[in-house]
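Asker: Take a look and give me a structure for this.
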Amino acid sequence: MLLKNILRRNYMEEFFGWLVQVFMEGVVEYFLPSVVFGVIGFSYLHLRYWSKVQVQQVLVREYDNSYSNAGRVVVLNTVAAIGILLVLGFMIGAPVLHWLG
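Answerer: Down below sits the predicted model:
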């Protein structure tokens, strides 16, 4: 009887662990980025192009009619610009600090 309870508990723990893992993978990999990037893309397009008609035209023409794609492009370009600035800062700052120090 005790062995059955131990085995049953382990199977339940494994099953719920698997269920939580599948749920979190789905939420973290698909749903959450879509919502976050969608909000960023929607905000960006509506702040940049105030006309709803122009927003719709740009959305269809450049982002495959997806606010999530627009948000991904905005975030990727922002991260790339920050990375370039950091690299340039280190390339310029290190010799200057070495020369001053």
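Asker: biggest helix in this structure by residues?
Answerer: Of all segments of type helix in the chain, defined using DSSP state H, the longest is helix 67-100.
Asker: So which elements touch that helix?
Answerer: helix 32-48, helix 52-63 (3 or more Cβ pairs under 8 Å, 6 or more residues apart in numbering; DSSP states H and E). For the C-beta atoms, the positions are set from N, CA and C on the backbone; glycine is no exception.
Asker: and the longest one, average pLDDT?
Answerer: In this model, helix 32-48 has an average pLDDT of 91.
Asker: same check, this time on the shortest one
Answerer: Per-region confidence: helix 52-63 scores 94 on mean pLDDT.
Asker: What residues sit buried inside it?
Answerer: Judged by neighbour count using 16 or more other Cβ atoms under 10 Å, the buried positions of helix 52-63 are 55, 59, 63.
Asker: which one among those residues gets closest to residue 78?
Answerer: Nearest to residue 78 among the buried residues of helix 52-63 is residue 63, at 15.8 Å by Cβ to Cβ.
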